[in-house]
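A.B. asks: Pasting the sequence and the predicted model now:
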Amino acid sequence: MLDKVKELLGEVSAFQSASKEEVEAFRIKYLGSKGLLKNLFAEFKNVDAELRKDFGQALNNLKKAAEQKVASLNEALENAQEETGVYGDLTRPAEPIQLGSRHPISLVKNQIIDVFNRIGFTVSEGPEVEDDWHNFTALNLPEYHPARDMQDTFFIEKSQDVAKDTLLRTHTSSVQVRYMENNKPPIRTISPGRVFRNEDISARSHCIFHQVEGLYIDTDVSFADLKQTLLYFTKEMFGKSKIRLRPSYFPFTEPSAEVDIYWGLETETDYRITKGTGWLEIMGCGMVDPNVLENCNIDSSTYSGYAFGMGIERIAMLLYQIPDIRMFYENDVRFLEQFKSVL
Ligand code: PHE
């Protein structure tokens, strides 16, 4: 009898299982109401008196061992279920974190802002849906002015009275008008933002693009100050300090100029992007027309200033040799991923 109990104890301690059903079967076999232990306890009365003590102890040990086995196997099963359940498999190696990248337009915009911040320009922003005054009239572009055709406009609302028109801003010069209306000189501000023009979409132009425009107003500001600022900018931004100013026309500046930088003709790409001249146009600029200052309640006999404006896409295309402006808006990850290493 005692040998039989000892044999069962060996079986119990050796038992292993990873399934709930098997553990339950094991429990019923040993501890169930018709289980082995029940039967063995029933035998107790038939055991000789002098052997009862040992037999009783052995039985109790077997019962305890069986109960502990069931409890520990069930606990292990529950833990295993938790690991694959709510939290997933906690022992699995971590997945590599997918790093995103900034959009090249943001990268270049931040770079431009940074260059101008260093010489005291602050950033100003304004609405994308503008009224006629801030986008055109205040900038010396009254109704019927032919220069309005320079910027094909998307109108939100067009009425008989232009003062009531609303439109998508065609440049961020509108932000500068707002800034002048609300701040007294000296003024040093740059206005980055999205602008809209009703133009055909091609590799070189888009109906939505981004600009950074700058404005500097103080006493005794001259064209020489503008030129020096442009030199500083091109050197910081492109590492090139040969520029030329070509006379141009903008209604809000007088005199006005187009800024070209000397890009060089060292590679085939240089030939292509500069059309074989080595020179590249990067922005428009000029001395703020006194009419514009007066429109914004700034005394033009005391103050003068300069302004400039550039397209961010154009500069990003130059810096990163991007052949098609449409790539900026398609958001193809294969394109965007290439800017991961740039901060
Ligand atoms: N607003 C002009 C444009 O969008 C750029 C510009 C700004 C030119 C300031 C001169 C001075 O084309």
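C.D. replies: Received it, and whenever you're ready, just let me know what you need. Numbers count the residues shown, from 1 in each chain.
A.B. asks: okay, CA-based contacts and neighbour counts for the rest of this
C.D. replies: Fine.
A.B. asks: residues near Lys158, how many?
C.D. replies: Residues near Lys158, counting by other CA atoms under 10 Å, number 14.
A.B. asks: hmm, who's touching stretch 229-238?
C.D. replies: 111-112, 115-116, 240-243, 261, 319 (CA atoms under 8 Å, 6 or more residues apart in numbering).
A.B. asks: and that stretch, C-alpha only, in CSV?
C.D. replies: C-alpha atoms of stretch 229-238 as CSV (Å, rounded to 0.1, in the frame of the first residue of the first chain):
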residue,chain,number,x,y,z
THR,A,229,21.4,92.1,-46.1
LEU,A,230,21.0,90.1,-49.3
LEU,A,231,24.7,89.4,-49.4
TYR,A,232,24.6,88.2,-45.9
PHE,A,233,21.6,86.0,-46.7
THR,A,234,23.1,84.4,-49.8
LYS,A,235,26.3,83.7,-48.1
GLU,A,236,24.7,82.0,-45.1
MET,A,237,22.1,80.1,-47.2
PHE,A,238,24.1,79.0,-50.2
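A.B. asks: That one: which residues count as buried?
C.D. replies: For stretch 229-238, the neighbour count (16 or more other CA atoms under 10 Å) marks 230-237 as buried.
A.B. asks: And stretch 74-84, by the same measure?
C.D. replies: The neighbour-count check on stretch 74-84 (16+ other CA under 10 Å) flags 74, 77 as buried.
A.B. asks: Also stretch 261-277?
C.D. replies: Buried-residue list, stretch 261-277, by 16+ other CA under 10 Å: 261-265, 270-271, 273-274.
A.B. asks: among those, which two are most distant?
C.D. replies: Ile261 and Tyr271 (14.1 Å; CA to CA).
A.B. asks: What are the buried residues along stretch 289-301?
C.D. replies: So for stretch 289-301, counting by 16+ other CA under 10 Å, buried means 289-293, 295-296, 298, 300.
A.B. asks: how far does that stretch stretch from start to finish?
C.D. replies: Stretch 289-301 has an end-to-end distance of 12 Å (criterion: CA to CA, to the nearest Å).
A.B. asks: is the ligand contacted by that stretch?
C.D. replies: No. Using CA under 6 Å from any ligand atom, stretch 289-301 stays clear of the ligand, with a minimum separation of 9.8 Å.
A.B. asks: Residues in contact with that stretch: which ones?
C.D. replies: With contacts defined as CA under 8 Å, 6+ apart, stretch 289-301 is touched by 138-140, 177, 180-181, 184-185, 251-254, 304.
A.B. asks: Now the buried members of those.
C.D. replies: Buried among those by 16+ other CA under 10 Å: 138-140, 177, 180, 251-254, 304.
A.B. asks: Show me where the stretch 151-300 of the chain has its helices.
C.D. replies: For the stretch 151-300 of the chain, applying DSSP state H, counting those that start in this stretch gives helices covering 173-182, 223-238, 268-273, 290-295.
A.B. asks: Any chance of JSON lines for those helices, columns mean pLDDT?
C.D. replies: Listed next are these as JSON lines, based on pLDDT from 0 to 100:
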{"stretch": "helix 173-182", "mean pLDDT": "97"}
{"stretch": "helix 223-238", "mean pLDDT": "96"}
{"stretch": "helix 268-273", "mean pLDDT": "83"}
{"stretch": "helix 290-295", "mean pLDDT": "97"}
